[in-house]
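J.: my questions are about this predicted structure, shown below with the sequence.
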Amino acid sequence: MTFRRTVLGLTFLATGIALLELGIPALQDGRIPASSKWMLVFILGGLFFSGTGVLWGLSLTPRWQTFEAFFQRGLLALRRIRWVGIPILGLVGIGWLELIYLPYPALFERNDLFLSPALRLSLLWVLGVLTVPFWLALFPRLRGVEALAGALLFLGLLHRGGEYFFAVRDYPFSLGWSEASRFYYGSLFHSQAIYGESTPLPFLHPSRYLLLSIPHLIGNLPLWAHRLWQALLWFGMPLLNAFLLARRLSLASRSIRWLFIGWSALFLMQGPVYYHLLVASGIVLAGFDSRRFWRSFFVIVLASLWAGISRVNWFPVPAMLAIMLYLLEQPYPGNFWRWVKNPVIWGISGVVSAFLAQAMYIALSRQPDISSFGSSFFSSLLWYRLLPSPTYPPGILPLTVILSLPILFLIALNGKRQILHPLRLLGLSGMVFILFAGGLVVSTKIGGGANLHNLDAYWMTLWIWGSALFSGQVTGEQHPGVPFRKPAILIALAFILPFYPAVMEGRPIPVLDKARAEFELSLLKSYLKPAVENQQPVLFIWQRQLLTFHQIEGLRLIFPYETIDLMEYAMSDNRAYLQQFYDDLCHQRFAVIVSAQQNIVFKSPQDTFPEENNVWVTRVTIPILSYYKPLDTLDQSGTQILIPKENPPTCLRIAVP
């Protein structure tokens, strides 16, 4: 009864919030009086709001038994035709995706009212509650709380999946500032076959681009196939890691196991934890055995080699994840040196392996300036982004603390019961704190601070420790025969909170006219035709994937000065690189430059990413427009074509340290 009353009360509250969040804007812009659809929605919403209020009131009285019997009879009838639940759940899922991602959903004229996280959470809860009977009919062994959890996870994972898979489009231009650039960087591992010459390898996130290079092994796949592969990585790697951890844990039942996998995937996506880090963590979760030293040693080395060609702050992560599993699974034997020997060897070998992998990659990369691999160490730190700001309204620090609290309280209760030896607790807590503090520092780097992904390793350790406590898989020294009590409120909060960062993401997909894109592509080719015929150099600062996928042919790839690299060098103030760029601009080396539209507009602190914009304008836009002038700007794709100025100014010189 407590569960039913809570669900009814929350549904009553969520319906009220949804009606207010929708109703006030809809009344202000006149949608409700003018649209019969909106009128019908609010009439039905009002009836549902009243009905849930009445039912919640009945649940406090003996008359609830009458409704309970009616509900059970209805559920029995529904189980006789239970397969009807599949198309109904499918329609609910499609409707949810329409509200979030389609510019013009079937029921509403526009979906710009569905951007509020409070509204999205409320609707997600209401839809989850409404579909519980169909889940119970399809899976008779489920309890009510399991059916509700499954219904919510179904919608939450659909929401996240839509964010990734709606980007799978047959559209030749980039869908965002750096969206298609990722596939160009993946192509550099096959540069000889694609461009006819061997180029340097990427210095930023090499392991990410190595994964994105895999479709190039198959042949000349179109851009949409590469987008599909990346969507599968974003969505599939969290699920794979969740499955691997679930396999290590002895969970109560099959239904709990699948719910755990779904929740874990949603938890890992709240950063999100990047899929190339999840390769390293997956290796550890799949192969590490705390009782077998040498097997674990080679697993840690393998995962650390991968981390070594990723990000420098990930170098110790595989060893730390393995040591965390060791500390959770192996009790303290009473001999400190015997107990600490294996973790120390694993930790040192993991970090050394990561540095060796980086050194080998640097040697193989043929990058002309190896200092680029340390560019992040020379970038500004914007500490204000830890708190709420226009770039990330919830604030990195407040939201991280809120999302972490249920698991941290669970850990604190574990410590209070002295289930773990103090040395084990100190080791676990120390690693979590180090990764938390390190993630906060990295989040302040210019170019970041717009989500929680720089705390990725922290999320991983928190997830593993909390999951081990939830499943009772922590081997303790104290009270071995007494089960660890897990307060239901903490489990419920830990389950619900990852939905908030999920619903913050996802916007209506832009309406892109394929015919217009083809026209703009042909127009771009016409502008480039003289340069192609005269074999003059053309610099693609942006839209370089047009060369990768042979949408534009006859041009030689000019390797430097791509958008992502150029932005990284601008943010780290790499003056040697920038001076070379300015010299090439001054001497008008390029017959044509293809870039995003360049505007000399400086942002104020009230705007999003002001420092990044202003660095770009100062160190890239102004120099470009000093020596080149816009010939045309393609409206839909935002692509600008620039040609040399007739009388350029004197070459720009900057002090190179």
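T.: Sure, I can see it.
J.: where does the stretch 351-500 of the chain dip in pLDDT?
T.: 416-418, 477-484 (pLDDT under 70).
J.: from the middle of its chain, how far away would stretch 121-135 be?
T.: 25 Å (CA atoms, centre = their mean, to the nearest Å).
J.: what does it contact?
T.: 7, 10-11, 14-15, 17-18, 21, 48, 74-75, 78, 82, 85, 88-89, 92, 96, 99, 114, 142, 144, 147-148, 150-152, 154-156, 159, 499-500, 503 (CB atoms under 8 Å, 6 or more residues apart in numbering). The C-beta positions use only the backbone N, C-alpha and C, and glycine is treated the same way.
J.: those strands in the stretch 201-350 of the chain, which residues are they?
T.: For the stretch 201-350 of the chain, strands defined by DSSP state E, counting those that start in this stretch do not occur.
J.: so how far is Pro222 from His555?
T.: Let me fix one detail, which is that residue 555 is Leu and not His. The gap separating Leu555 from Pro222 is 20 Å, by CB to CB, to the nearest Å.
J.: with Ala570 instead?
T.: Ala570 is 32 Å from Pro222, by CB to CB.
J.: more neighbours: the two, which one.
T.: The neighbour comparison of Ala570 against Pro222 (other CB atoms under 10 Å) goes to Ala570, with 22 against 13.
J.: so where does that one fall, helix or strand?
T.: helix 563-571 (DSSP states H and E).
J.: then that helix to CSV, C-alphas only?
T.: Taking C-alpha atoms only, helix 563-571 is exported to CSV below (Å, rounded to 0.1, in the frame of the first residue of the first chain):
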residue,chain,number,x,y,z
THR,A,563,38.5,23.2,-37.1
ILE,A,564,39.2,21.0,-34.1
ASP,A,565,42.9,21.2,-34.3
LEU,A,566,42.9,24.9,-35.0
MET,A,567,40.6,25.5,-32.0
GLU,A,568,42.8,23.4,-29.7
TYR,A,569,45.9,25.3,-30.8
ALA,A,570,44.1,28.6,-30.4
MET,A,571,42.9,27.7,-26.8
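J.: helices along the stretch 551-657 of the chain, start to end?
T.: 563-571, 575-586, 610-616, 622-627 (DSSP state H, counting those that start in this stretch).
J.: let me have those helices in TSV, extended by distance to Leu305 and mean pLDDT.
T.: Shown next, in TSV, are the helices of the stretch 551-657 of the chain (distance: least, CB to CB, whole Å; pLDDT from 0 to 100):
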stretch	distance to Leu305	mean pLDDT
helix 563-571	24	95
helix 575-586	29	94
helix 610-616	32	96
helix 622-627	40	96
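J.: out of those, which is the most enclosed?
T.: helix 563-571 (a mean of 21; mean count of other CB atoms under 10 Å).
J.: so who does the residue positioned nearest the centre of the chain touch?
T.: Using CA atoms, centre = their mean, the residue of the chain that lies closest to the mean C-alpha position is Pro272, 3.2 Å off. Pro272 sits next to 234, 238, 451, 453, 456 when contact means CB under 8 Å, 6+ apart.
J.: now the residue nearest to Phe559 when sequence neighbours are not counted: how far from Ser191?
T.: Nearest residue to Phe559, sequence neighbours excluded (CB to CB, 6 or more residues apart in numbering): Thr199, at 5.0 Å. As judged by CB to CB, Thr199 and Ser191 stand 4 Å apart.
J.: and for the two, which residues touch both?
T.: Common neighbours of Thr199 and Ser191 (CB under 8 Å, 6+ apart) are Leu557.
J.: can you name the next helix or strand after the host helix or strand of Phe433?
T.: For Phe433, the host element (DSSP H and E) is helix 422-443. For helix 422-443, the succeeding helix or strand toward the C-terminus, using DSSP H and E, is helix 456-471.
J.: name the residues of that following helix that are buried.
T.: By neighbour count with 16 or more other CB atoms under 10 Å, helix 456-471 contains the buried residues 456-471.
J.: present the helices of the stretch 551-657 of the chain as TSV; the columns should include distance to Phe203.
T.: Shown next, in TSV, are those (distance: least, CB to CB, whole Å):
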stretch	distance to Phe203
helix 563-571	8
helix 575-586	11
helix 610-616	19
helix 622-627	22
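J.: figure out which of these is closest to Phe519.
T.: helix 563-571 (23.5 Å; CB to CB).
J.: for that closest one, name the packing helices and strands.
T.: In terms of contacts (3 or more CB pairs under 8 Å, 6 or more residues apart in numbering; DSSP states H and E), helix 563-571 is packed against helix 181-187, helix 575-586, helix 610-616.
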